[in-house]
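S.K.: Structural data only, the sequence is not supplied:
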């Protein structure tokens, strides 16, 4: 099993550009999450999903959109990139919403 | 709402020194508590967990005890190694089976020879 994979690893965007961060898991987990990690701020939940077709907002959803058309994939969309979205983005999954979350390696995004 | 407070880093220790990273929490009921570790350039990995008061989680020489009376879950290791250098995150999951985690801000540990 590859676990949770994320692409790209690094990306630089200009203000106003859009992009999609990809996240795929091969563990057949129902629950998937997107976090952003800012220096000294820990992880903040952006969006999460409890299964295909179901998504919900987390703590910091503004400026982002998600979709969950399959169990495996949970892409995160930035429509109009802003410097405040410069961060490291982590995708995670778990089978039942319970204890352990499995994290991907992250995407480092810079908006200039 | 729920929150987790960790000691600020970086914490710099010599190899074989004793480690304590403090973590306290605010939550209603009886949350589950976790320590995650993030090695350089990688995602977070679960290090240990405790799901009820007085439980002790342990893994790879690390330990933490769920103290309801002091709302704490301090991480300890008796003898750190250079390979333990990483960022450590304390986290909680709300009681009642919630499916979201609340993370602390992380504590960077640097272990030197």
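M.R.: Okay, I see it. In this text, all values refer to a predicted model and were calculated from it rather than measured experimentally.
S.K.: For the rest of this, base every contact and every neighbour count on C-alpha atoms.
M.R.: Fine.
S.K.: Next one: whichever residue of chain B sits closest to chain A relative to residue B:9, how far apart?
M.R.: Proximity of chain B to chain A (C-alpha to the nearest C-alpha) peaks at residue B:105, 3.6 Å away. Residue B:105 sits 10 Å away from residue B:9, going by C-alpha to C-alpha, to the nearest Å.
S.K.: Who has more neighbours out of those two?
M.R.: residue B:105 (25 against 16; other C-alpha atoms under 10 Å in any protein chain shown).
S.K.: Strands along chain B, start to end?
M.R.: With strands called from DSSP state E, chain B shows them at B:3-6, B:11-14, B:19-21, B:23-26, B:32-38, B:44-50, B:56-59, B:62-65, B:75-77, B:86-93, B:101-103, B:107-112.
S.K.: Next, format those as JSON lines and append mean pLDDT and mean neighbour count.
M.R.: Listed next are these as JSON lines, based on pLDDT from 0 to 100; neighbours: other C-alpha atoms under 10 Å in any protein chain shown:
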{"stretch": "strand B:3-6", "mean pLDDT": "93", "mean neighbour count": "19"}
{"stretch": "strand B:11-14", "mean pLDDT": "96", "mean neighbour count": "16"}
{"stretch": "strand B:19-21", "mean pLDDT": "97", "mean neighbour count": "19"}
{"stretch": "strand B:23-26", "mean pLDDT": "96", "mean neighbour count": "20"}
{"stretch": "strand B:32-38", "mean pLDDT": "94", "mean neighbour count": "24"}
{"stretch": "strand B:44-50", "mean pLDDT": "94", "mean neighbour count": "21"}
{"stretch": "strand B:56-59", "mean pLDDT": "96", "mean neighbour count": "16"}
{"stretch": "strand B:62-65", "mean pLDDT": "98", "mean neighbour count": "21"}
{"stretch": "strand B:75-77", "mean pLDDT": "98", "mean neighbour count": "20"}
{"stretch": "strand B:86-93", "mean pLDDT": "94", "mean neighbour count": "26"}
{"stretch": "strand B:101-103", "mean pLDDT": "90", "mean neighbour count": "23"}
{"stretch": "strand B:107-112", "mean pLDDT": "96", "mean neighbour count": "20"}
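S.K.: Dump those strands into TSV; add distance to chain A as well.
M.R.: Output for these, formatted as TSV (distance: least, C-alpha to the nearest C-alpha, whole Å):
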stretch	distance to chain A
strand B:3-6	10
strand B:11-14	14
strand B:19-21	15
strand B:23-26	13
strand B:32-38	8
strand B:44-50	6
strand B:56-59	13
strand B:62-65	16
strand B:75-77	17
strand B:86-93	8
strand B:101-103	6
strand B:107-112	9
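S.K.: nearest to residue A:41, of the ones you listed?
M.R.: strand B:101-103 (9.3 Å; C-alpha to C-alpha).
S.K.: Taking chain A, what residue is nearest to chain B?
M.R.: residue A:42 (3.6 Å).
S.K.: Residue A:44: neighbouring residues, count only.
M.R.: 22.
S.K.: In the sheet, which residues pair with it? Tell me.
M.R.: Note on residue A:44: beta-bridge partners residue A:36, judged by DSSP bridges.
S.K.: Quick check: it touching residue A:37?
M.R.: Yes - Residue A:44 is within contact range of residue A:37, at 6.5 Å (criterion: C-alpha atoms under 8 Å).
S.K.: Could I get the strands of chain B in JSON lines, plus columns for distance to residue A:71?
M.R.: Below are the strands of chain B laid out as JSON lines (distance: least, C-alpha to C-alpha, whole Å):
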{"stretch": "strand B:3-6", "distance to residue A:71": "30"}
{"stretch": "strand B:11-14", "distance to residue A:71": "40"}
{"stretch": "strand B:19-21", "distance to residue A:71": "37"}
{"stretch": "strand B:23-26", "distance to residue A:71": "33"}
{"stretch": "strand B:32-38", "distance to residue A:71": "25"}
{"stretch": "strand B:44-50", "distance to residue A:71": "22"}
{"stretch": "strand B:56-59", "distance to residue A:71": "31"}
{"stretch": "strand B:62-65", "distance to residue A:71": "34"}
{"stretch": "strand B:75-77", "distance to residue A:71": "35"}
{"stretch": "strand B:86-93", "distance to residue A:71": "23"}
{"stretch": "strand B:101-103", "distance to residue A:71": "21"}
{"stretch": "strand B:107-112", "distance to residue A:71": "33"}
